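Participant: Any chance you can model this:
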Amino acid sequence: MLPRWLVAASLASYASYVAAQGSVPGLPTRPAPGPSPMPAQAPQVSSQKRGESPLGGNWYGAVELRHHINTYYDADGFLARQSPFVHARLQLGAQFYSGFIDAYTTLGVYKAPDTQQVLQRRPEIAVDVYPLKNEYVTIQQYNIAQLPYRETRPDPESEETHAYGTVYTFGLAPSVKYPLRFGGLRVDMKLGLDGWTRLYSQPQYTDSYERQDLDEEEGDGRLGLAEGEVDEEPIEDSALHYRTLATSGFAFALDSAPSFTTELTANYQSRFEPVYTRTEDGTDHHYGADRYSYYKARINYAISDRLSFSNDFYHFFEGAFDAKRRGEERRYRNMARITCRL
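Facilitator: Numbers count the residues shown, from 1 in each chain. Purely as a prediction, here's the structure:
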């Protein structure tokens, strides 16, 4: 059981945030059709080593209860809607070779608002490899397989349905950290870069492409957007989509309160999407980039050795912190978690 004062303080803090925001805006779910550009950093549920097992490795488990709310604004800058969800997750895994390899699986469900439905999340199997990991530098290579499932409603985090089949994510995330001390205050300066791509067990299609029509008499070509035209057939989206995320920021902790930490980061994400041109001989493509950015503020409180609470708040922008997001792009997101290590 959580202490009553902690529950009351958490509820009061959340109520104060909503009241202060008034017309709280929302963050962007996904700006473009296709799979979500969500970074694939793993693991998704906090964990820690629990000791040797007869099967080998250091096995661990964690249960997480998460509440998150996305806020959206319309084209005129007014609050359009808020989308709250409650997630429950179970993660089981093991670390091998002194943490060089971390293998784990994650199962979960979520509760949507204004309904009695409890829906399944995609089951995940992942393997992280750490070629280098010390106090200052970490290099993480991660591989995630999101298994097929039957839900037709898009997952509120990835915005993917069963139509994608199995989703494979491959990424590389180097990061550096430099600790500083100012009396009883510890400050960690952080820099990180994350890049990943995805593959699918089912073919993916798009009807957004340019068409090159050849005029038989004049022999010249013209380009036209096929999207929205009548009787245009979709083409297979065969080229890889790439994502990168650059992060910089600071983490703070007091010697007098080591169980409480805060973190502030600025993040810049790029989505490299193929732009197709349909010709008589098939399709060609080149890449175009779509970019957005966000600030992230995190607080984390270790209630005990097994139980912790954290809250992440995101503020999204178009481009490099250029303009506030509107329409179907969420502008704000708040995510509160309670995690229990097994």
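
Participant: hey, what's residue 104 bridged with?
Facilitator: For residue 104, the beta-bridge partners are residue 93, residue 126 (DSSP bridges).

Participant: where's it relative to residue 58, distance?
Facilitator: Per Cβ to Cβ, to the nearest Å, residue 104 is found 12 Å from residue 58. Just so you know, the C-beta spots here come from the backbone N, C-alpha and C atoms, and that holds for glycine as well.

Participant: again, but for residue 274
Facilitator: Counting by Cβ to Cβ, the gap from residue 274 to residue 58 is 41 Å.

Participant: where do the contact lists of residue 104 and residue 58 overlap?
Facilitator: Taking Cβ atoms under 8 Å, 6 or more residues apart in numbering as the contact rule, residue 104 and residue 58 both touch residue 94.

Participant: So between the two, which is more surrounded?
Facilitator: With neighbours defined as other Cβ atoms under 10 Å, residue 104 and residue 58 compare such that residue 104 has more, 24 against 17.

Participant: these two touch, right, that one and residue 91?
Facilitator: Yes - the pair residue 104 / residue 91 is scored as a contact, 5.7 Å apart, by Cβ atoms under 8 Å.

Participant: which residues touch the nearest residue in space to residue 323 that is not next to it in sequence?
Facilitator: Leaving out its chain neighbours, the residue that sits closest to residue 323 by Cβ to Cβ, 6 or more residues apart in numbering is residue 317, at 6.4 Å. Residues counted as contacts of residue 317 (Cβ under 8 Å, 6+ apart) are 292-294, 323-325.

Participant: Please pick the buried ones from the residues you listed.
Facilitator: Among these, the ones that count as buried by 16 or more other Cβ atoms under 10 Å are 292-294, 325.

Participant: if we can go back for a sec, so what's the residue nearest to residue 323 bridging to?
Facilitator: residue 293, residue 324.

Participant: picking up where we left off before, now, among the contacts of residue 317, which is nearest to residue 72?
Facilitator: Relative to residue 72, the closest of the contacts of residue 317 is residue 325; by Cβ to Cβ it sits at 8.3 Å.

Participant: thinking that closest one is in contact with residue 318, fair?
Facilitator: Yes - the pair residue 325 / residue 318 is scored as a contact, 5.9 Å apart, by Cβ under 8 Å.

Participant: where do the contact lists of these two overlap?
Facilitator: With Cβ under 8 Å, 6+ apart as the test, residue 325 and residue 318 both reach residue 292.

Participant: So in terms of bridging, what pairs with residue 190?
Facilitator: Following DSSP bridges, residue 190 is listed with bridge partners residue 177, residue 249.

Participant: Quick check: it vs residue 321, distance?
Facilitator: Counting by Cβ to Cβ - residue 190 and residue 321 are separated by 18 Å.

Participant: Check residue 137 too.
Facilitator: Using Cβ to Cβ, we find residue 137 at a distance of 27 Å from residue 321.

Participant: can you check residue 244 too?
Facilitator: The gap separating residue 244 from residue 321 is 17 Å, by Cβ to Cβ.

Participant: same deal with residue 180?
Facilitator: According to Cβ to Cβ, residue 180 and residue 321 sit 25 Å apart.

Participant: The two - which one has more neighbours?
Facilitator: Higher neighbour count among residue 180 and residue 321: residue 321, with 16 against 10, using other Cβ under 10 Å.

Participant: which SS class is that one?
Facilitator: Classification of residue 321 by DSSP: H, G, I helix; E, B strand; the rest coil places it in coil.

Participant: Determine the longest strand present in the chain.
Facilitator: What stands out as the longest strand in the chain, according to DSSP state E, is strand 257-279.

Participant: mean confidence score for that strand?
Facilitator: Average pLDDT, strand 257-279: 93.

Participant: tell me how far it is from the chain's mean position?
Facilitator: On the basis of Cα atoms, centre = their mean, to the nearest Å, strand 257-279 sits 8 Å off its chain's mean C-alpha point.

Participant: Over to stretch 194-212?
Facilitator: Relative to its chain's centre, stretch 194-212 lies at 19 Å (Cα atoms, centre = their mean).

Participant: before we move on, what about stretch 183-199?
Facilitator: Stretch 183-199 sits 15 Å away from the centroid of its parent chain (Cα atoms, centre = their mean).

Participant: any residues touching it, and which ones?
Facilitator: So stretch 183-199 is contacted by 35, 39-41, 142, 167-181, 240-256, 265 (Cβ under 8 Å, 6+ apart).

Participant: same thing but 6 Å
Facilitator: Under the criterion Cβ atoms under 6 Å, 6 or more residues apart in numbering, residues 35, 39-40, 167-169, 171-180, 240, 242-256 lie in contact with stretch 183-199.

Participant: buried sites along that stretch?
Facilitator: Across stretch 183-199, burial judged by 16+ other Cβ under 10 Å covers 186, 188, 190, 192, 194-196, 198.
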